[in-house]
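Engineer: Take a look and give me a structure for this.
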Amino acid sequence: MFVDVSPSKHALGQAAAASAAEGLRQALAASGRANLIVATGASQFEMLRALTAADGIDWHKVTAFHLDEYIGLPVTHKASFRAYLRERFVAALPSRLAAFHEVNGENPDPAAECRRLGDLIAQHPIDVACIGIGENGHLAFNDPPANFNAKDAYLVVTLDEACRKQQLGEGWFPTFADVPQRAISMSIPQILKSRRIVCTVPDERKAQAVKGALEGPLTNLCPASVLRTHADCGLFLDQGSASLLTRHH
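Structural biologist: As a prediction, the model looks like this:
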C-alpha cells in the first residue's frame, strides 16, 4: 500500500484527487471510457472539490457508482448520500457523466435494489474507487466483523453503534435515535475488484482506525486492514490521522 501523509486536510484532498484523476485519465486513454466509485462523508469534501476541478478528464465518458446509502432515508434529508453526491460531485462537474448509478435506499425492496446495482456494476469494471475509512475501521458500511467473502456486489447491512455515533458526531442527524439502523452497502470483495483504490482519511479521530489498518493484524474486526492485500491502493492521510503510526510507511 502506498501511504501519503500531507501537512493539511486541504493538501490531502489535492493529493488524493490527483491520484484518482490519473487513474481515470489512464482508463480513458486505454479504452475511451472509465468507471468510478465515489464515497461520501465529511472526509471526502476536499478530495471531491479537487477531483471535480481536475483537468483532462472527459466526464461524459465516465460512469459513476457510489458506495452506500441509508435504507428508508428520503433523498431530501441532509444525510442522504445521494443528495450529497448530487450536490458535491455531479453538479460540480464541468459536463454530464455518461451515467451515475445511485443507491436508492428508498426502494421498498432493498434486496432487489442490491440485485439491480449488482447487475449494473458487473457490466462496468471499476477503474478507480474513491473511498474512506470509518472511525471503527469500516469500509463503506461494512462494519466489523465485516464479511470479506461476500458473493454479492451490494449487501443489506445493519450499522453498529460506533458507526451510528460517527454519523451523529459529524452532524448529519439531530439525535442518535434518528440515525438509521440499516443501509445498503457495496461489499468489500466488490471494492477490492477496483483497478485502483484511493482512500482519503483525514482527521485525528480516524487515527486509531488508520493504525489498525496499517499496523494491526489483517482481520475483519478492522475491515480497512484488507486494503493491504490490494495491488494498487493509495492511503492519503493528514498529520492528525497519521498521528498514531509508529513506523514509516
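
Engineer: What helices and strands are in contact with the helix or strand of the chain with the lowest mean pLDDT?
Structural biologist: Lowest on mean pLDDT, DSSP states H and E among the helices and strands of the chain sits helix 161-169, with a mean of 93. In terms of contacts (3 or more CB pairs under 8 Å, 6 or more residues apart in numbering; DSSP states H and E), helix 161-169 is not packed against any helix or strand. To be clear about C-beta, it is placed using only N, CA and C from the backbone, and glycine gets the same treatment.

Engineer: Show the residue spans covered by the helices in this structure.
Structural biologist: Counting by DSSP state H, the chain has these helices, from start to end: 9-31, 45-52, 81-85, 110-122, 161-169, 188-192, 207-215.

Engineer: which one of these lies closest to residue 141?
Structural biologist: helix 161-169 (7.0 Å; CB to CB).

Engineer: got the angle for the closest one vs helix 207-215?
Structural biologist: Put simply, helix 161-169 runs at 130 degrees to helix 207-215, going by axes from the mean of the first three to the mean of the last three CA atoms, to 10 degrees.

Engineer: So which residues lie in contact with helix 161-169, not counting its own?
Structural biologist: Applying CB atoms under 8 Å, 6 or more residues apart in numbering, the set of residues contacting helix 161-169 from outside is 79, 134-136, 138, 141, 143, 173, 175-176, 178-179, 181, 205.

Engineer: returning to that earlier point: switch the helices of the chain over to a markdown table; also include mean neighbour count and distance to residue 147.
Structural biologist: A markdown table is the format used below for the helices of the chain (neighbours: other CB atoms under 10 Å; distance: least, CB to CB, whole Å):
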| stretch | mean neighbour count | distance to residue 147 |
| --- | --- | --- |
| helix 9-31 | 20 | 26 |
| helix 45-52 | 22 | 27 |
| helix 81-85 | 22 | 21 |
| helix 110-122 | 16 | 13 |
| helix 161-169 | 17 | 15 |
| helix 188-192 | 21 | 7 |
| helix 207-215 | 21 | 17 |
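
Engineer: residues in contact with residue 124?
Structural biologist: Listed by CB under 8 Å, 6+ apart, the contact partners of residue 124 are 35, 63, 65.

Engineer: Residue 92 too?
Structural biologist: Residue 92 touches 48, 49, 52, 53, counting by CB under 8 Å, 6+ apart.

Engineer: Thanks again, I'm all set now.
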